[in-house]
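Trainee: Could you look at this predicted model? Sequence included:
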Amino acid sequence: MTPAGPSHVDPTDHPFDAAAASAARLAELTGVDHHDVAVVLGSGWKPAADRMGEVVAEIPMTELGGFPEASVAGHGSTVRSIRSGDRNVLAFMGRVHLYEGHHPNVVAHGVRTAVRAGARVVVLTNAAGGLRPDMTVGQPVLISDHINLTGRTPLLGTNDDRLGPRFPDLTDAYSPRLRDLARTVEPTLAEAVYMGLLGPAYETPAEVRMVAALGGELVGMSTVLETIAAAHAGAEVLALSLVTNLAAGLGQEALDHEDVLAVAATSAERMGTLIADVVGKI
Ligand code: HPA
């Protein structure tokens with residue numbers, strides 16, 4: 001098979017067409033015409049992919065079109081097609097962040113591509129700072145809801161009805177069904193509200209007090225736009241944060257991206273098994 005060049009449809013102005021083009025290209029390059037579940041692996045979560053099943057294909061995200069080159073250490077730039085039981089899982093080995101300077105539609109492009117490829121379930125993972133006193137470093141936490149304080153959304157502009165409705169309901173954006181399912185696999189999983197901020201600086205202690213006052217229990221720089229895009233498209237979302245540090249001002253340590261990655265790496269294999277078990281039950 002001679003692959004065609006990457007799609008030149010830009011998600012910024014044509015999010016549906018770009019996702020459709022990337023999904024077609026994905027099928028062509030992987031030989032897998034349908035993916036059931038998408039998994040987005042955040043900071044340090046990449047080793048989790050090795051626990052999810054047999055890797056059928058791995059290709060650079062940029063080959064799909066619509067994805068920028070990754071710019072942050074620890075954020076990979078490939079996508080894997082994984083056979084997990086009788087499911088085809090599409091694992092993004094890294095993600096695009098707003099703080100890299102990308103348009104919200106570029107941030108949401110992976111999720112939209114996965115939905116066009118057939119995924120009805122989207123699993124989002126991230127590293128986050130923990131605000132609750134019961135949270136410990138290395139702990140996985142289910143996201144029960146979010147507060148989007150990025151000031152951005154992938155639904156900005158004229159709505160394309162092929163993507164979803166103009167005013168999507170986010171009440172159950174973090175699927176209660178999937179959270180229950182995750183707890184049947186790991187009954188000790190806690191739940192928390194994730195506050196998404198733009199970054200890339202970690203928060204000031206005063207901002208962390210604001211997050212707490214507003215009801216945030218985890219803080220991070222990703223996930224919320226992807227969740228909005230998935231919910232808009234009618235996909236179910238399961239989101240998991242790994243607490244890699246206590247939020248600024250709450251712990252003793254200065255915040256360091258390397259430490260965040262190291263904490264994530266030590267837990268990632270365990271998280272991979274968790275995700276694989278959940279995927280097997282979806
Ligand atoms: N704040 C924001 N993003 C993060 C943090 C944090 O404390 N830890 C990991 N990602």
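Mentor: Good, I have the coordinates.
Trainee: Restricting to C-alpha, output stretch 128-135 in PDB.
Mentor: Only the C-alpha atoms of stretch 128-135 are listed here, as PDB (Å, rounded to 0.1, in the frame of the first residue of the first chain):
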ATOM      1  CA  ALA A 128      -2.800  16.700  38.100                       C
ATOM      2  CA  GLY A 129      -2.100  18.600  41.300                       C
ATOM      3  CA  GLY A 130      -4.200  17.400  44.200                       C
ATOM      4  CA  LEU A 131      -6.000  19.800  46.500                       C
ATOM      5  CA  ARG A 132      -7.800  17.500  48.900                       C
ATOM      6  CA  PRO A 133      -6.200  16.600  52.200                       C
ATOM      7  CA  ASP A 134      -6.900  12.900  51.600                       C
ATOM      8  CA  MET A 135      -5.000  12.900  48.300                       C
END
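Trainee: can you list the weak-confidence ranges in the stretch 101-250 of the chain?
Mentor: Within the stretch 101-250 of the chain, no range satisfies pLDDT under 70.
Trainee: Enumerate the residues of it near the ligand.
Mentor: 127-129, 202-203, 219-221, 244-245, 247 (Cβ under 6 Å from any ligand atom). (C-beta placed from N, C-alpha, C; glycine too.)
Trainee: Most neighbours among these, please name it.
Mentor: Within these, residue 128 tops the neighbour count with 31 neighbours, counted by other Cβ atoms under 10 Å.
Trainee: Am I right that that one is in a strand?
Mentor: Yes. Assigned with DSSP: H, G, I helix; E, B strand; the rest coil, residue 128 falls within a strand.
Trainee: So which residues of the protein form helices?
Mentor: For the chain, the helices defined by DSSP state H occupy 15-30, 104-107, 109-116, 176-185, 205-214, 224-232, 257-281.
Trainee: Go through the first one and flag the buried ones.
Mentor: Pointing back at helix 15-30 there. 15-27, 29-30 (16 or more other Cβ atoms under 10 Å).
Trainee: Apart from its neighbours in sequence, what residue is nearest the residue in the chain positioned nearest to the ligand?
Mentor: Per Cβ to the nearest ligand atom, residue 129 is where the chain lies closest to the ligand, at 2.3 Å. Nearest residue to residue 129 in three dimensions, chain neighbours excluded: residue 247, at 3.6 Å (Cβ to Cβ, 6 or more residues apart in numbering).
Trainee: list the contacts for that neighbour?
Mentor: Applying Cβ atoms under 8 Å, 6 or more residues apart in numbering to residue 247 gives the contacts 129-131, 203, 208, 211, 219.
Trainee: In these, find the pair that's most separated.
Mentor: 130 and 203 (12.3 Å; Cβ to Cβ).
Trainee: centroid residue for this protein?
Mentor: residue 124 (3.2 Å; Cα atoms, centre = their mean).
Trainee: what about the nearest residue to that residue once chain neighbours are set aside, neighbour count?
Mentor: In space, and not counting its chain neighbours, residue 124 is closest to residue 239: 4.3 Å by Cβ to Cβ, 6+ apart. Residues contacting residue 239 under the criterion other Cβ under 10 Å number 31.
Trainee: And residue 92, by the same measure?
Mentor: Other residues close to residue 92 by other Cβ under 10 Å number 26.
Trainee: can you pull up the bridge partners for it?
Mentor: Per DSSP bridges, the residues bridged to residue 92 are residue 40, residue 79.
Trainee: For it, which residues are in contact?
Mentor: 38-41, 61, 79, 110, 114.
Trainee: same thing but 7 Å
Mentor: Shown in contact with residue 92 (Cβ atoms under 7 Å, 6 or more residues apart in numbering): 40-41, 79, 110.
Trainee: try residue 26
Mentor: Contacts here follow Cβ under 7 Å, 6+ apart; on that basis residue 26 touches 64, 113, 117.
Trainee: Kindly recompute the last result at 6 Å.
Mentor: Applying Cβ atoms under 6 Å, 6 or more residues apart in numbering to residue 26 gives the contacts 64, 117.
Trainee: Kindly report the same for residue 109.
Mentor: Residues in contact with residue 109 (Cβ under 6 Å, 6+ apart) are 11, 66.
Trainee: Many thanks, I have nothing further to ask.
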